[in-house]
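> Can you look at this prediction? I've put the sequence above it.
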Amino acid sequence: MIATYRAALQVPGTAAFTGAAFIARLPLALNGLGVLLLVSITTGSYALAGALSAVYAVCSAGGGILSSRWADVHGQRGILLALPLISGLAMMAFVFSILGPLPRWTAWIFVTITALCQPTIGSFVRARWASVSPNPDIRRAGFAWESIVDELIFSIGPLLAATTAVSLWTPTPLVLSAGLLLVGSWWLAGQRATQPPLHRSRGHGTGPSALMTPGIPIAIMVALGLGVLFGAFDVSTVAFTEQAGVAGAAGVVLALWAGGSLIGGLYFGSRRWKSGLEVQLRTTAVVLSLVMIPALAVSSVPWLMVVAFFAGMSIAPTLISLFSVTERLVPPRLLTEGLTWVTAGLSLGFAIGSAAGGAIVDAQG
């Protein structure tokens, strides 16, 4: 198992860019729960918290598609230098809009700017994996590694967000997020040797969209369903643990959920499966749907932790299969954009799940 990932990380430049991307992506795990905690604790409204989280997710998806399309044509460096700075400043303004002295209504503006200017680091780094190695086994191992890193991030992030928000200062996760995004993005921007080649189309346009590639709309729908699950589970976990009188346990539950996914991803990504990528994606998606059913019967936080851990083991395998299918479908000149469309599906689904979950919690408990 370890040998598979060691071989991938021995390719020149891969260890450095995956390290930078880890730092730049950690804000993804801090922001979702960070916004939910800041808004729900400060205002007492889960509906408002879920709605702002939804706006963040939708705008992040839209902005990510535009920045990734630009990166395919003009390169990643300029985007990684400029957008994280704007995003970080907008995040600080969002914090002040919730706590004061800025008017509360400006929160909608600042959360929108924050999300629009946040690069899709996961797509950027996966495009680098596809660029540095022509070996399909190395590329798949790289994609698997990035899915594992994602789960590590979502193991650390929620726990860090809940702990710092409850024990230090409620906006701490969001302040930390802004700094990490800037540091990681600028480090990644400095690694020019592994930046994917530019794919300028004739004239000055960017050519057809990756969305027009056969199969990509279906991949986006799969991602949308996964996102709904993630968003609903996040907001439900925060509400469930707070109702149980242990709000800080939300981070532990979400960390276990991601930790189970990390273990599942390590195993799945290290094996060479006989079935095709489409079969792998269908199988992992169905299994993930089935293993979530026990969560409906959970009546205590300890049992929620157990269910979250074991159910989480199917998450990373599904994501690995999804991104691998996407990488095979889209042409190299549209790879970053194609991967970002799938990421956008995840974000939009998260927005739907988060907003609907918050409204249902306020209305029904």
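Perfect, thanks for sending it. Numbering: from 1, shown residues only.

> for the protein, which spans come out with low pLDDT?
By pLDDT under 70, the weakly predicted segments of the chain are 1, 199-208.

> Could you pull out the helices in it for me?
Secondary structure of the chain (DSSP state H): helices at 2-9, 14-43, 46-74, 77-99, 106-116, 121-132, 136-167, 172-189, 216-243, 249-270, 277-291, 301-312, 315-329, 335-364.

> Of all those, which one is nearest L198?
With C-beta to C-beta as the measure, helix 46-74 is the member of the helices of the chain nearest L198 (6.5 Å). C-beta here means a position set from N, CA and C on the backbone, and glycine is covered the same way.

> Just the buried residues of that closest one, please?
46-65, 67-73 (16 or more other C-beta atoms under 10 Å).

> now the angle from that helix to helix 216-243?
Here helix 46-74 runs at an angle of 150 degrees relative to helix 216-243 (axes from the mean of the first three to the mean of the last three C-alpha atoms, to 10 degrees).

> Tell me which other helices or strands helix 46-74 touches.
helix 14-43, helix 77-99, helix 106-116, helix 121-132, helix 216-243, helix 335-364 (3 or more C-beta pairs under 8 Å, 6 or more residues apart in numbering; DSSP states H and E).

> List just the one of the ones you listed that sits closest to I315.
helix 216-243 (7.9 Å).

> buried set for that closest one?
Taking 16+ other C-beta under 10 Å as the criterion, helix 216-243 shows 216, 219-220, 222-242 as buried.

> Spit out the contact partners of the closest residue to I352 other than its chain neighbours.
Nearest residue to I352, sequence neighbours excluded (C-beta to C-beta, 6 or more residues apart in numbering): V228, at 5.3 Å. Residues in contact with V228, defined by C-beta atoms under 8 Å, 6 or more residues apart in numbering, are 349-350, 352-353, 356.

> For L288, give its distance to W257.
12 Å (C-beta to C-beta, to the nearest Å).

> out of those two, which sits in the more crowded spot?
W257 (28 against 22; other C-beta atoms under 10 Å).

> Quick check: that one touching F233?
Yes: W257 lies in contact with F233 (C-beta atoms under 8 Å); the separation is 7.2 Å.

> Between the two, which contacts overlap?
What both W257 and F233 touch, as defined by C-beta under 8 Å, 6+ apart, is the set A308.

> ok, the residue nearest to I148 when sequence neighbours are not counted - contacts?
Excluding its sequence neighbours, the residue lying closest to I148 (C-beta to C-beta, 6+ apart) is G265, at 4.4 Å. Neighbour list for G265: 144, 147-148, 151, 315-317, 319-320 [criterion: C-beta under 8 Å, 6+ apart].

> The residue nearest to S131 when sequence neighbours are not counted: neighbour count?
The spatially closest residue to S131, leaving aside those adjacent along the chain, is P196, at 4.1 Å (C-beta to C-beta, 6+ apart). The local packing of P196 (other C-beta under 10 Å) involves 20 other residues.

> Common neighbours of L288 and W257, please.
Residues touching both L288 and W257 by C-beta under 8 Å, 6+ apart: 311, 315.
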